[in-house]
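Engineer: can't give you the sequence, but here's the structure:
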Ligand code: ADP
């Protein structure tokens, strides 16, 4: 189901949390709303869900204007960072909850719960209690619960925000796979650009309550509309007065570079290294190189080098 947001505005007192936002979220897409803390992402999600009403503007889901429709009647599944399961119910009962409320027949509920637990890879955990699950398993249960009612739209607010980096990375892959299987229109709020770039097929980048750019992740990464988007979507540095990706720069001999400089630090981060160079024009830039490049070129602190943009290898 497609979602069409038109001129949405939401104030909290003097704070303009969402300011004249219009966006199209394609049917079956996995769209990430990305932006720094306080940029209005969660508020926008709440406006889509109906948990908040806009001061101005409309929310249209699949052609229906739902701006004034109660959240319960919008056919939406939610999953939040701090999802609170029913502690006294086992996993199967937690997942079944929405269907029970809707008074579906017991047989249908059992079949649907089995199907969902298989989908979120928790088949063996039906009888476990939430306290017996790991953080990642709990979030998968939350997703199964959100999907139980076969929502038209799935809304995820930093669903993996409370988990450690390894589990987050696993769940990202898993979410992408899951979305590939069920194709429900999904909107994910995150402040983590890597998460957004990895998982989403569409990005909406927000800043101070406004959309600054939207489109597919690669096109935004390669053609950011503003320095803010450039800096937000990946590593960046300044070179000759321009925001530049550090992996688009290279170090060469002093005579071959566009600008001369002196290496002031080399920080090794596993496979890659960040090399900081103080340039003769008085600015500082950093270049992303592989560990291999560092050793082959014999780079070390205090060495004089040339810096230039890598040629486009098209
Ligand atoms: P994000 O999700 O990008 O971190 P939010 O949508 O939560 O941003 O918040 C946007 C702005 O609105 C922030 O300045 C925040 O403090 C403010 N805000 C959000 N919710 C409320 C609320 N219920 N009452 C008052 N201010 C709020």
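Structural biologist: Perfect, I can see it now. These numbers were taken from a predicted model, which means no experiment stands behind them.

Engineer: next, the buried residues of stretch 215-227.
Structural biologist: 217, 220, 221, 224 (16 or more other Cβ atoms under 10 Å). All C-beta spots, glycine's among them, are computed from the backbone N, C-alpha and C.

Engineer: dump the residues you listed to TSV, plus pLDDT.
Structural biologist: As requested, those are arranged in TSV below (pLDDT from 0 to 100):
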residue	pLDDT
217	95
220	95
221	92
224	93
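
Engineer: and which of the residues you listed is nearest to the ligand?
Structural biologist: residue 220 (17.6 Å; Cβ to the nearest ligand atom).

Engineer: quick one: contacts for the closest one?
Structural biologist: 203, 205, 213, 214, 229, 233 (Cβ atoms under 8 Å, 6 or more residues apart in numbering).

Engineer: now the two most distant members of those.
Structural biologist: 214 and 233 (12.3 Å; Cβ to Cβ).

Engineer: list residues touching both of those two?
Structural biologist: Counting by Cβ under 8 Å, 6+ apart, the residues touching both residue 214 and residue 233 are 205, 220.

Engineer: got the contact list for the most centrally placed residue in the chain?
Structural biologist: Closest to where the C-alpha atoms of the chain average out (Cα atoms, centre = their mean) is residue 196, at 2.9 Å. When contacts are counted by Cβ under 8 Å, 6+ apart, residue 196 touches 32, 34, 188, 190, 203, 217.

Engineer: just the ones of those residues in strands?
Structural biologist: Among the contacts of residue 196, the members found in strands (DSSP state E) are 32, 34, 188, 190, 203.

Engineer: residues near the fourth one, how many?
Structural biologist: Think residue 190. 23 (other Cβ atoms under 10 Å).

Engineer: thought it was touching residue 37?
Structural biologist: No: with contact defined as Cβ atoms under 8 Å, residue 190 does not reach residue 37; the gap is 11.1 Å.

Engineer: the residue nearest to the centre of the chain - that's part of a helix, no?
Structural biologist: Yes: counting by DSSP: H, G, I helix; E, B strand; the rest coil, one finds residue 196 located in a helix.

Engineer: what's the spacing between residue 125 and the ligand?
Structural biologist: Using Cβ to the nearest ligand atom, to the nearest Å, residue 125 is found at 31 Å from the ligand.

Engineer: OK, contacts around that residue?
Structural biologist: Applying Cβ under 8 Å, 6+ apart, the residues near residue 125 are 91, 117, 132, 133, 137, 141.

Engineer: same thing with residue 273?
Structural biologist: 266, 267, 288, 289, 290, 291, 294.

Engineer: show me where the chain has helices.
Structural biologist: Per DSSP state H, the chain carries helices over the ranges 41-49, 91-101, 106-119, 135-148, 165-182, 193-199, 217-222, 227-232, 291-297.

Engineer: to the ligand, which of those helices lies closest?
Structural biologist: helix 41-49 (3.2 Å).
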